[in-house]
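**Student:** What follows is a predicted structure for the sequence shown.
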Amino acid sequence: MDDEDLRALASLQDFGRVSLPIHMRRCRSLLPPSEEEEAAAEHNKGTKSIKRKQVQSLVDLCLRFVTKHFESVYMDRILSFPEAEAALIASMPSNLLHRMAKTKNRESRATIETLESTLQGARRDVAQLESARDWAAISRARMAEQQHVSDRLQRELDTIQTALSSTEVENQHLRAKAERAEKQLLRLEAKINSLKAEKVVLKKASTEAHRREMKLSSELLSAQKARLALSVQLGRSIRSRRQSARSGHLQGDAQLSDPSSIGGSSSHEFSENTTSSNAFTQQRHSVTCHKRPRAEGSNIPYPPSMRMEDQH
């Protein structure tokens with residue numbers, strides 16, 4: 001701030017005590033240039049070849065200073081001396097008042113825009129907070145639902161674990177039962193193997209008994225054949241004796257003339273024939289049969305004659 005600004009500030013601070021003409025001259029000197037002056041200045045700037053840096057005019061600086069300190073300098077004094085200051089404001093040029101009002105309006109609009117932007121930011125924050133609150137409520141509801149689902153799943157897990165433990169216990173019982181069944185199966189297999197061995201032994205014994213039985217059957221058949229041959233031979237001998245007896249009878253009939261001789265010889269011959277016939281009959285009915293030993297595991301019955309001999 002230069003000396004001129006300091007002097008302007010001192011004069012503005014002592015604005016209430018200065019005379020009106022001085023104030024009016026100062027304010028008129030601070031008026032912005034007219035349109036003609038601006039057009040002439042622009043024309044002169046266009047004709048100049050060297051462009052200089054634009055410097056703010058004293059009017060703009062004064063207006064900036066006046067508008068900056070308007071509330072602190074004028075409004076206080078307006079409130080203190082309303083009539084004098086109202087007359088002072090009325091005596092000020094309309095352009096200056098208009099410019100000051102525009103500056104104030106611009107500042108107010110900037111403040112309003114700032115406040116509106118702040119308000120919009122606050123509304124956005126409120127909306128975000130509300131959305132966060134809604135999201136928090138939704139999250140709490142979801143968390144409660146997930147907690148409910150988690151509790152239900154925990155109960156199901158507990159039930160499944162209980163069922164699993166019972167299944168494990170049952171599985172252990174089944175394993176023990178399977179081990180016992182396997183042991184019994186091994187014992188049964190061993191028993192079956194022993195029975196198979198016994199079966200093989202019995203089969204061998206049965207085969208041997210069957211062989212012996214066949215041998216005995218063949219021996220019996222040969223004995224029957226021998227008996228048949230013996231019976232045939234006996235029959236032949238009986239027939240020959242009968243023939244000899246018949247020839248004897250014929251000779252006896254021829255010797256009937258001698259009773260004593262006939263009686264003695266006939267009685268003797270009759271007794272001999274009777275004795276021989278009884279012996280033949282006894283020999284015929286008492287055929288010698290060899291005892292047949294019973295084979296082990298054989299179901300072939302004995303003949304009746306062998307049964308009778310066993311009973312005797």
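**Tutor:** In hand now; what should we look at?
**Student:** contacting residues around residue 215?
**Tutor:** Not one residue lies near residue 215 by Cβ atoms under 8 Å, 6 or more residues apart in numbering. Where you see a C-beta, it was placed from the backbone N, CA and C, and this is true even at glycine.
**Student:** ok, and it, which helix or strand is that part of?
**Tutor:** Using DSSP states H and E, residue 215 sits within helix 94-254.
**Student:** what number of residues lie near residue 113?
**Tutor:** Neighbour count for residue 113, taken as other Cβ atoms under 10 Å: 10.
**Student:** who's in contact with it?
**Tutor:** Residue 113 neighbours (Cβ under 8 Å, 6+ apart): none.
**Student:** picking that back up, avg pLDDT for the helix holding residue 215?
**Tutor:** Here helix 94-254 scores 87 as its mean pLDDT.
**Student:** and residue 157, how far is that from residue 151?
**Tutor:** 10 Å (Cβ to Cβ, to the nearest Å).
**Student:** whoops, residue 35 was the one
**Tutor:** From residue 35 over to residue 151 (counting by Cβ to Cβ), the distance is 85 Å.
**Student:** Kindly report the same for residue 243.
**Tutor:** As judged by Cβ to Cβ, residue 243 and residue 151 stand 129 Å apart.
**Student:** and what of residue 240?
**Tutor:** Following Cβ to Cβ, the distance that separates residue 240 from residue 151 is 125 Å.
**Student:** And residue 242, by the same measure?
**Tutor:** 125 Å.
**Student:** Among these two, which residue is more densely surrounded?
**Tutor:** Comparing residue 242 with residue 151 by other Cβ under 10 Å, the one with more neighbours is residue 242, at 13 against 10.
**Student:** Identify the residues contacting the more buried one.
**Tutor:** Applying Cβ under 8 Å, 6+ apart, no residues contact residue 242.
**Student:** How about stretch 126-144, which residues are buried there?
**Tutor:** By neighbour count on 16 or more other Cβ atoms under 10 Å, the buried set for stretch 126-144 is empty.
**Student:** I meant to write stretch 146-160 there.
**Tutor:** Buried residues in stretch 146-160 (16+ other Cβ under 10 Å): none.
**Student:** Using PDB, write out the CA atom coordinates for it.
**Tutor:** Provided in PDB are the C-alpha atoms of stretch 146-160 (Å, rounded to 0.1, in the frame of the first residue of the first chain):
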ATOM      1  CA  GLN A 146     -26.900 -65.000   8.100                       C
ATOM      2  CA  GLN A 147     -26.700 -65.500  11.800                       C
ATOM      3  CA  HIS A 148     -30.000 -67.300  11.700                       C
ATOM      4  CA  VAL A 149     -28.800 -69.400   8.800                       C
ATOM      5  CA  SER A 150     -25.500 -70.000  10.700                       C
ATOM      6  CA  ASP A 151     -27.400 -71.200  13.800                       C
ATOM      7  CA  ARG A 152     -29.500 -73.500  11.700                       C
ATOM      8  CA  LEU A 153     -26.500 -74.800   9.900                       C
ATOM      9  CA  GLN A 154     -24.700 -75.300  13.300                       C
ATOM     10  CA  ARG A 155     -27.700 -77.200  14.600                       C
ATOM     11  CA  GLU A 156     -27.700 -79.300  11.400                       C
ATOM     12  CA  LEU A 157     -24.000 -79.800  11.900                       C
ATOM     13  CA  ASP A 158     -24.500 -80.900  15.500                       C
ATOM     14  CA  THR A 159     -27.200 -83.300  14.300                       C
ATOM     15  CA  ILE A 160     -24.900 -84.700  11.600                       C
END
